[in-house]
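1. model this:
(2 chains)
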Amino acid sequence: DTEVTQTPKHLVMGMTNKKSLKCEQHMGHRAMYWYKQKAKKPPELMFVYSYEKLSINESVPSRFSPECPNSSLLNLHLHALQPEDSALYLCASSQVEGRTEAFFGQGTRLTVV
Amino acid sequence: GESVGLHLPTLSVQEGDNSIINCAYSNSASDYFIWYKQESGKGPQFIIDIRSNMDKRQGQRVTVLLNKTVKHLSLQIAATQPGDSAVYFCAENEEYGNKLVFGAGTILRVKS
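-> Residues are numbered from 1 along each chain as shown, chains lettered A, B, ... in the order given. Now for the predicted structure:
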């Protein structure tokens, strides 16, 4: 199983809402990532978790709050977002050691209204 | 056909021709590189990777070349097919940690 599953596929939220994006993998990967992708742009790294601990935060605003409850799950909690936060949010996972490819989910298309 | 640059250029090739997609990376500490293909509405899909102790690696119809001296990476696709139409990204992984950073990307359009 080389699948990374993201839910929901689409999300529309108001600027005062609180919502969460979810990501799950069962490949035994201990590194998990959140990326943000705007149209016609490359994925932009937001957060990296290694062994369930936050190892990289690319200066992401606090309205985005990541959580890694266990080795298979990764959440991204959203609160008080702005319309410019509308984007495709991608989750990925990989092995921590040994440098191997990261597997990506299909993403959550987020629209902030 | 060949593309150069970091500003999402478009490469148009005829079906059956070979394609060359280029990528310039910035971090001399990067030691692992990946090419991804992204189709519309989907997440990036792994194509091929290469480590910094190699300068060439071949897969099925694809070859990646790495020139560490000038920090340049290329993806060659042989006998390009309509199904190869997508955006192609190179990604670099720094020597320490799991920081995987994407380059700007190239749109590949295959004409039948």
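
2. From here on, just use CA atoms for contacts and neighbour counts.
-> Noted.

3. Measure how buried A:Glu3 is and give me the count.
-> Residues near A:Glu3, counting by other C-alpha atoms under 10 Å in any protein chain shown, number 15.

4. how near is the residue of chain A found nearest chain B to B:Lys56?
-> Sorted by distance to chain B under C-alpha to the nearest C-alpha, the residues of chain A start with A:Gln106, at 4.3 Å. Here the criterion is C-alpha to C-alpha, to the nearest Å. By it, A:Gln106 lies 30 Å from B:Lys56.

5. give the contact list for the nearest residue to A:Lys40 once chain neighbours are set aside.
-> Once flanking residues are discounted, A:Lys40 sits nearest to B:Leu8: 7.5 Å by C-alpha to C-alpha, 6 or more residues apart in numbering or on different chains. Listed by C-alpha atoms under 8 Å, 6 or more residues apart in numbering or on different chains, the contact partners of B:Leu8 are A:Lys40, A:Lys41, B:Ala104, B:Gly105, B:Thr106, B:Ile107.

6. what about burial for these, which qualify?
-> By neighbour count, with 16 or more other C-alpha atoms under 10 Å in any protein chain shown, these hold A:Lys41, B:Ala104, B:Gly105, B:Thr106, B:Ile107 as buried.

7. Quick one: these as a markdown table, columns for distance to A:Val96 too.
-> Shown next, in a markdown table, are those (distance: C-alpha to C-alpha, whole Å):
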| residue | distance to A:Val96 |
| --- | --- |
| A:Lys41 | 26 |
| B:Ala104 | 25 |
| B:Gly105 | 25 |
| B:Thr106 | 28 |
| B:Ile107 | 30 |
